[in-house]
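Asks: Return atomic coordinates for the entry below.
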Amino acid sequence: MNNSINLNIFRAYDIRGVYPSEINENMAYTIGKSYGSYLQEKYNKNSCIVSHDNRLSSEALSQNLIKGITASGCNVINYSLTTTPMNYYGRYLNQMPGIMVTASHNPKDDNGFKFSFDGMINARGEMIEDFKNYTLAGNFKNGMGKVDNNSLTDKYIEYLKYSIKYGKNKRKIVIDCGNGATCGLAQKVFTTSFCTPIFINDVSDGNFPNHHPDPAVKENLKQLQEKVKKEKADFGVAFDGDGDRLGIVMENGEILSTEYFMIICIKDIFNTVKNKTFLYDIKCSKSVEDVINSLGGTPLCYRTGASYTQYKVHQDNLPFGGEFSGHIFFRDRDADCGSAIYASLRFLEIMSRTSEKLSEIVANFPKYFATDEIKIACPDDKKFQVVEKVKAYAKSMNYPINDIDGVRITYTNGWALVRASNTGPNIIFRAEADTLEGVKILENIYVSMIKKEMANIESL
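Replies: Residues are numbered from 1 along each chain as shown. Below you'll find the predicted structure:
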């Protein structure tokens, strides 16, 4: 058994840890040899694709990963630097599984692997648990696989833009690449699209010198907000480090919530799709459910995680799915890649068909008061116990609950969510209510309860 691997790096939908203490070149080689062996043994496949983001450690990790994969006898198509959605497209194009070396929106010293076994959709849950056990057992194959170094940028841009059909209103937009993996790609896409693009933080730099590339955190959108107002732009978009999540800023400099972005998209495609079921994750506002119901559609509240969203929209053949964190999946046309750039193009298309300001479009959307996503530090080996304690409380009070991912407790005037983070040692809390007072009451009740249960478990 391989005892040199830190078990905490195996997360619910990827492998992730700090470089070089938890994720390093030797471990990348081991993961590669295990992955190549696992593909051959469990899935009867002998080829895969590999690419990486622009983190400082990504290229070295990718090279060692490829050495491990080929040492198992498995062949590799190496696409080098890409966004994560480009990696997905490479899997689709070649009809083979693959690995993306990335830590997505995590701090710059983190890194990891998003990977698939059965084509495009990432491994998740029990699949990762089984791969972990296989890796720890260490019974790998030996061979001499080949490496084909290739590029798919031009094909990918053509793929992204193929189905986009603009209206008459050319929009001025600000694009914040966050110095991440989208930098060169975003420039090529938007300078040849129906818009006037203004780029910021568009030089690739794995140090992320201007701000952390996570558009789900308000602090990271400040530069974009200022630039949108200064340039009198129609809206702004920000991409995360590996290009699969986005944040949007309105023309007035205010942040457009992901839920409102999803509502705009759902309303736009509603009459053009046969399946009128739309997915959103358990962290999303009730406003999404309200609008889908008002249109006559079917709302589907599902668990958090891009891998789970990606899986569910495919399994149920849904036309659209999205997450509070900014992962957006369009499946109503050819493109089906969970790309922040593609989501931006679709949004640009919608905005080109109206002369309305974005703030005017959302003015009459359902409004609720909500907390930000609150992270409460809790050790990985304790966080699930704490969530179970909160769930037991809700059941004892006979509150309606959704426990597909942690526990979401519904009240007549709002809801509270308590769940264990799948990407770090944290418990995630979010609440929403009809009034500001109502949401404060829920926050006080449950944050206190979480901390109390953490203390009780620590004392055992």
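
Asks: Buried residues, stretch 171-188. List them.
Replies: 171-183, 185-186 (16 or more other Cβ atoms under 10 Å). (C-beta placed from N, C-alpha, C; glycine too.)

Asks: Quick one: end-to-end distance for it.
Replies: 17 Å (Cα to Cα, to the nearest Å).

Asks: again, but for stretch 277-290
Replies: End-to-end for stretch 277-290, by Cα to Cα: 13 Å.

Asks: what about stretch 195-214, average pLDDT?
Replies: If you average the pLDDT over stretch 195-214, you get 97.

Asks: if we can go back for a sec, quick one: mark the members of the buried residues of stretch 171-188 that sit in helices.
Replies: 183, 185-186 (DSSP state H).

Asks: Below-threshold pLDDT in this protein: ranges please.
Replies: 1-3, 335-336, 460 (pLDDT under 70).

Asks: So for the top helix by length along it, what gets flagged as buried?
Replies: Ranked by number of residues, the top helix in the chain under DSSP H is helix 436-458. Neighbour-count burial for helix 436-458 flags 438-439, 441-443, 446-447, 449-450, 453-454, 457 (criterion: 16+ other Cβ under 10 Å).

Asks: likewise stretch 408-420?
Replies: 408-409, 411, 414-420.

Asks: Tell me the one of those residues nearest residue 132?
Replies: Checking the buried residues of stretch 408-420 against residue 132 with Cβ to Cβ, the nearest one is residue 420 at 17.6 Å.

Asks: any idea how far the closest one lies from residue 367?
Replies: 29 Å (Cβ to Cβ, to the nearest Å).

Asks: care to break this structure down by domain?
Replies: 7-151, 155-361, 369-458 (automatic domain parsing).

Asks: who's the closest residue to residue 414 other than its chain neighbours bridged to?
Replies: Of all residues not flanking residue 414 in the chain, residue 433 sits nearest, at 3.1 Å (Cβ to Cβ, 6 or more residues apart in numbering). For residue 433, the beta-bridge partners under DSSP bridges are residue 369, residue 414.

Asks: Please tell me how far residue 433 sits from residue 445.
Replies: With Cβ to Cβ as the criterion, residue 433 and residue 445 are 12 Å apart.

Asks: what do you get for residue 62?
Replies: 46 Å.

Asks: Who is residue 418 paired with across the strands?
Replies: Assigned bridge partners for residue 418, using DSSP bridges, are residue 407, residue 429.

Asks: Just to check, it is in contact with residue 387?
Replies: Yes. Counting by Cβ atoms under 8 Å, residue 387 is a contact partner of residue 418 at 5.7 Å.

Asks: Touching both of the two, which residues are there?
Replies: Contact criterion Cβ atoms under 8 Å, 6 or more residues apart in numbering; residues shared by residue 418 and residue 387: 406-407, 427.

Asks: Nearest to residue 56 among those residues?
Replies: Closest to residue 56 out of those is residue 427 (30.2 Å), distances taken as Cβ to Cβ.

Asks: looking at it, residue 109 is touching residue 17, isn't it?
Replies: No. Assessed by Cβ under 8 Å, residue 109 is found out of contact with residue 17, at 9.9 Å.
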